[in-house]
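>>> Return atomic coordinates for the entry below.
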Amino acid sequence: MKKIHNPILSLWRYLPVRLLVGWLVVAIFPAMWRWTGRMLRWDLLDTQLNSLLLASVGVVMVTLALNRLSQFPGQRALSYVLPTLLGVVMLLSAVLLVFRLPYSLYYLAFASVFGFVFFLLSYMLEQKISQPFMAYIPLGRCQDFDKVIDINWLKLEKPQLDKNLYPNIDGIVADLSSPYLDDSWQHFLTEQTLQGVPVYNHRQIYESLTGRSPIYHLYENDLGSLLPSQGYLFVKQCLDILAVLAVAPIVLPICLLTALAIRLENSGKVIFVQERVGQGGKLFKIYKFRSMTTDAEKHGAKLAQQNDARVTKVGKFIRKTRIDELPQFINVLKGEMSLIGPRPEQLSFVKTFEKSIPFYNYRHIVKPGISGWAQVTQGYAGNEDETALKIQYDFFYIKNISLMLDILIVIKTIQTMLTGFGAR
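Presented below is the predicted three-dimensional model:
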């Protein structure tokens, strides 16, 4: 994908520009279309003024939310533009109902349609404009760095950069701890920094492009980066409980129907109870709808595989849609789990992975979750290599834990439930 260097289109990367144009397209244009005379005289009725104000607030909320969400790697426009827009529409609709404000349904309907088209095209244009053009020094862990992700790369074979040939370099990536980065390369990086070209350590760029945080040595972990804010974790637990209680009227009938389907298929237990490792390495009992045969672990615990023969017919459906995880809402209410976090593993697997995967135990610094960044990005891990990759996603989540990242994971979880991504 070629990076756009048109100076006019490049203005789109600036948030105030997107806010202004979005307000004109989504809020003002439909108002001028429907109430031309009153808009020109600024003689709006209460219904019209309320609707215009709500649409304007909605533009600000959606623009800011998408701006924040787009900072996380590996996202597609359609996957969260629509959920974000729907979330804001539902919130503003609740404001109308609670305060009993008069409004124009037709105007708000038009504004919503214009909003979806605008924000989708806006995000796609922003991504194309923001596609980075990076140079990298192929030494140390930066060898073949251009294969990490498909963006525009320039491989620097020697400590020179012709600004006439490459005037739009967004930064230079290097393994700053590499012993092969000799004096000539260090002098080159210093000069580029003084000329205003950003120089990044390979780990920064790797995390921002892949959504994974590998840890090879303890000193590479920024101080406190794997110790999330305790204040946010408390707020997160409160939000988890409120969310579980809010969706209970919808979830309970689904659980009853699932239990009935499992019982009709065979006479085994409906709920599967198993010990897992939670926050701080403490053991707890996790609850799931049984999706495998009753003798699934007669030869010991095994990771689920693709097209696993142990999975029942009902089990295939509930695993694909993640309905089998719904009983874990009980674990959330008990404070043992969160809605979002690294998936809890069995003790036997944990002991094995601790020996072979560096810093595996760090993932237990937060509560395990029903869904997580690794699940919506990678899917289930079926072997040690996939687990080692999954850990990098878990570390990224722990280092970047925030409300917006949790919201993004919820959006992608809903998408996963509809598509069955990663089910086994």
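
>>> residues in contact with residue 272?
Counting by Cβ atoms under 8 Å, 6 or more residues apart in numbering, residue 272 touches 287, 288, 289, 290, 291, 292. Every C-beta, even on glycine, is put in place using the N, C-alpha and C of the backbone.

>>> Can you report how many residues lie near the residue nearest to the third one when sequence neighbours are not counted?
Counting by Cβ to Cβ, 6 or more residues apart in numbering, residue 289 lies nearest to residue 324, which is 4.4 Å off, once chain neighbours are set aside. Using other Cβ atoms under 10 Å, residue 324 has 23 other residues around it.

>>> pLDDT value on residue 324, please?
Per-residue confidence at residue 324 stands at 90 (pLDDT).

>>> Ramachandran coordinates for it?
phi -60, psi -20 (degrees, to the nearest 10).

>>> shouldn't it be in contact with residue 315?
Yes. Taking Cβ atoms under 8 Å as the definition, residue 324 is a contact partner of residue 315 at 7.2 Å.

>>> Pull up the overlap in contacts between the two.
With contacts defined as Cβ under 8 Å, 6+ apart, the residues shared by residue 324 and residue 315 are 290, 291.

>>> What ranges does the chain have for its strands?
For the chain, applying DSSP state E gives strands covering 133-136, 152-155, 171-174, 199-201, 271-277, 283-289, 338-340, 369-371.

>>> how about stretch 168-181: buried residues?
By neighbour count with 16 or more other Cβ atoms under 10 Å, stretch 168-181 contains the buried residues 169, 170, 171, 172, 173, 174, 175, 176, 178, 181.

>>> that older thread, who are the contact partners of the residue nearest to residue 289?
Contacts of residue 324 by Cβ under 8 Å, 6+ apart are 258, 288, 289, 290, 291, 315, 318.

>>> quick one: it from residue 287, how far?
Noted for residue 324: a distance of 10 Å to residue 287, by Cβ to Cβ, to the nearest Å.

>>> how far away is residue 189 from residue 132?
18 Å.

>>> Settle it for me: which of those two has more neighbours?
Shown here are residue 189 and residue 132; by other Cβ under 10 Å, residue 189 has more neighbours (18 against 15).

>>> Nearest spatial neighbour of the more buried one, chain-adjacent residues omitted?
residue 199 (5.1 Å).

>>> what's across from that neighbour in the sheet?
Counting by DSSP bridges, residue 199 is bridged to residue 172.

>>> Do I have it right that it meets residue 171?
Yes. Taking Cβ under 8 Å as the definition, residue 199 is a contact partner of residue 171 at 6.8 Å.

>>> Rebuild the buried residues of stretch 168-181 as TSV, extending it with distance to residue 50 and pLDDT.
TSV is the format used below for those (distance: Cβ to Cβ, whole Å; pLDDT from 0 to 100):
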residue	distance to residue 50	pLDDT
169	49	84
170	44	84
171	46	89
172	52	91
173	50	91
174	55	91
175	57	89
176	55	87
178	61	87
181	61	89
